[in-house]
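Q: need a 3D model of the following:
(4 chains)
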Number of protein chains: 2
Amino acid sequence: MAKADGEQMGIVTALVRVAFLVDAVYADSAREYGLTQQQGQLLCVLMPRSYGMGELGGVLGLAKSSLSGLVDRTARRGLVRRETDAQDNRAVRVELTPEGSRLADEFYAETCRRIERLPSGLPDAEREVLADLLSRVVRDNEVPPVFMVLDEQG
Amino acid sequence: MAKADGEQMGIVTALVRVAFLVDAVYADSAREYGLTQQQGQLLCVLMPRSYGMGELGGVLGLAKSSLSGLVDRTARRGLVRRETDAQDNRAVRVELTPEGSRLADEFYAETCRRIERLPSGLPDAEREVLADLLSRVVRDNEVPPVFMVLDEQG
DNA sequence: GGTGGATGGTTCGTGCTACGAACGAGTATC
DNA sequence: GATACTCGTTCGTAGCACGAACCATCCACC
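A: Here you go, the predicted structure:
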């Protein structure tokens, strides 16, 4: 059943291609702030609060050693720091530095502007439907909070 | 306006989190076939036809040097090969080997199965709406064919 | 209190991946 | 024939991924 403006792709192809698109926009936005995609992602996750390494690894889907490296490199940039956990001397909590928080805010805001443009060809009502359907997919699949909901900011 | 099962996130957050989800599933699927995400992506792009390096770089969004490296590593695996372009001796065309084609088919089929499960919590009608809306976002943003539409296969 | 297992995180080794600059071979234009 | 441009590779560099091994700390059990 071809649509007027070309054959419709299935849900699978549409999801993969949209993911590719979002990744590209996200990576371009990060690059503007001198960040890699992974560093940007780390900063975004840390915006609401600090995380332990175990939980952070779970959210980002990274092996422990990968996360140690990512935190090392980002800490070396002065954007995050490790604090000893008062309740468990084995653990550390990772949090944004003031510089990291400032950069995260700017990166997050700019990334929101860019991502927001992607569905701008849809009428408002359809964009609302899209947001609802995608939100339910996110919830059904228990996607971790890799990007803040807009009103979560301080 | 909170939904019954939690506050709805905006379109931006939903898009980013869905992309994160799809990426994770795609990477897991690739790993099952001994592929990295980028190698899997390369194989998928090459399924319909061969590509020149310039065009391939454009589709995948990679620098020329990055693509040379990716093709090198994948060729070393015996999954792709370079052919001299008959019309331009500077150029090469990259195509799947028989082994690469076989692996690409399996990887693609399995990835389709896994991605197809993601929106399975939605009723059929809503999934159809989601496919339509996402397809339009893909078209509006001129996303390159990084993943085949299902009926394109031979 | 001592012991053993589990947990939290780091280091190491290895390979993949990204980019810009520079380069060589081939093509197109004058 | 000379020059500019194109195509793709190589080089140098840095980031990033994982599993194995390790060390320090915590907790349960005796």
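Q: any idea whether residue A:137 is helix, strand or coil?
A: Assigned by DSSP: H, G, I helix; E, B strand; the rest coil, the conformation of residue A:137 is helix.
Q: grab the nearest non-local neighbour of it.
A: residue B:119 (5.1 Å; Cβ to Cβ, 6 or more residues apart in numbering or on different chains). For every residue, glycine as well, the C-beta is placed using N, CA and C.
Q: repeat for residue A:9
A: Per Cβ to Cβ, 6+ apart, closest to residue A:9 is residue B:149, 4.4 Å.
Q: what is the burial count for that neighbour?
A: 17 (other Cβ atoms under 10 Å in any protein chain shown).
Q: can you read off the pLDDT for it?
A: pLDDT for residue B:149: 83.
Q: touching chain B at all, the longest helix along chain A?
A: Longest helix in chain A, counting residues (DSSP state H): helix A:11-32. Yes. Judged by Cβ under 8 Å from any Cβ of the partner chain, helix A:11-32 and chain B are in contact via A:11-24, A:26.
Q: any residue of that helix up close to DNA strand D?
A: No. Looking at helix A:11-32 against DNA strand D by Cβ under 7 Å from any atom of the strand, there are no contacts, and the closest approach is 8.7 Å.
Q: do I have it right that residue A:46 meets residue A:79?
A: No. Residue A:46 lies out of contact with residue A:79 (Cβ atoms under 8 Å); the separation is 9.1 Å.
Q: overlap in contacts, those two.
A: A:96, A:100, A:104 (Cβ atoms under 8 Å, 6 or more residues apart in numbering or on different chains).
Q: which parts of chain A are strands?
A: Residue ranges of the strands in chain A, as given by DSSP state E, are A:51-52, A:80-84, A:92-96.
Q: count the neighbours of the closest residue to residue A:104 other than its chain neighbours for me.
A: Spatial nearest neighbour of residue A:104, chain neighbours left out: residue A:43 (4.0 Å); criterion: Cβ to Cβ, 6+ apart. When neighbours are counted by other Cβ under 10 Å, residue A:43 registers 23.
Q: who touches residue A:43 in this structure?
A: Contacts of residue A:43 by Cβ under 8 Å, 6+ apart are A:35, A:74, A:79-80, A:96, A:100, A:103-104, A:107-108.
Q: which of the residues you listed fall in helices?
A: Those of the contacts of residue A:43 lying in helices (DSSP H): A:74, A:100, A:103-104, A:107-108.
Q: quick one: average pLDDT of stretch A:69-77?
A: Mean predicted lDDT for stretch A:69-77 stands at 97.
Q: low pLDDT regions in chain A?
A: A:1-8, A:151-154 (pLDDT under 70).
Q: at the contact with DNA strand D, which residues of it appear?
A: Going by Cβ under 7 Å from any atom of the strand, the residues of chain A near DNA strand D are A:36-39, A:61-66, A:69-70, A:73, A:88-90.
Q: and those residues near chain B, which?
A: residue A:61.
Q: between all of the residues of chain A next to DNA strand D, which two are separated the most?
A: A:37 and A:89 (33.0 Å; Cβ to Cβ).
Q: now for residue A:24, how many residues are close by?
A: 18.
Q: residues touching it, list them.
A: Contacts of residue A:24 by Cβ under 8 Å, 6+ apart are residue B:61.
Q: what of residue A:62?
A: residue A:70.
Q: may I have the phi/psi pair for it?
A: phi -110, psi 150 (degrees, to the nearest 10).
Q: number of residues surrounding residue A:132?
A: 17.
Q: also residue A:40?
A: 23.
Q: excluding sequence neighbours, find me the nearest residue to it.
A: Per Cβ to Cβ, 6+ apart, closest to residue A:40 is residue A:30, 3.7 Å.
Q: kindly report the same for residue A:32.
A: Closest to residue A:32 by Cβ to Cβ, 6+ apart is residue A:110, at 6.9 Å.
Q: how near is that neighbour to chain B?
A: Using Cβ to the nearest Cβ, to the nearest Å, residue A:110 is found at 12 Å from chain B.
Q: tell me how far that residue lies from residue B:104.
A: To residue B:104, residue A:110 is 36 Å away according to Cβ to Cβ, to the nearest Å.
Q: those two: who's more crowded?
A: Taking other Cβ under 10 Å, residue A:110 and residue B:104 do not tie; residue B:104 has more neighbours (24 against 14).
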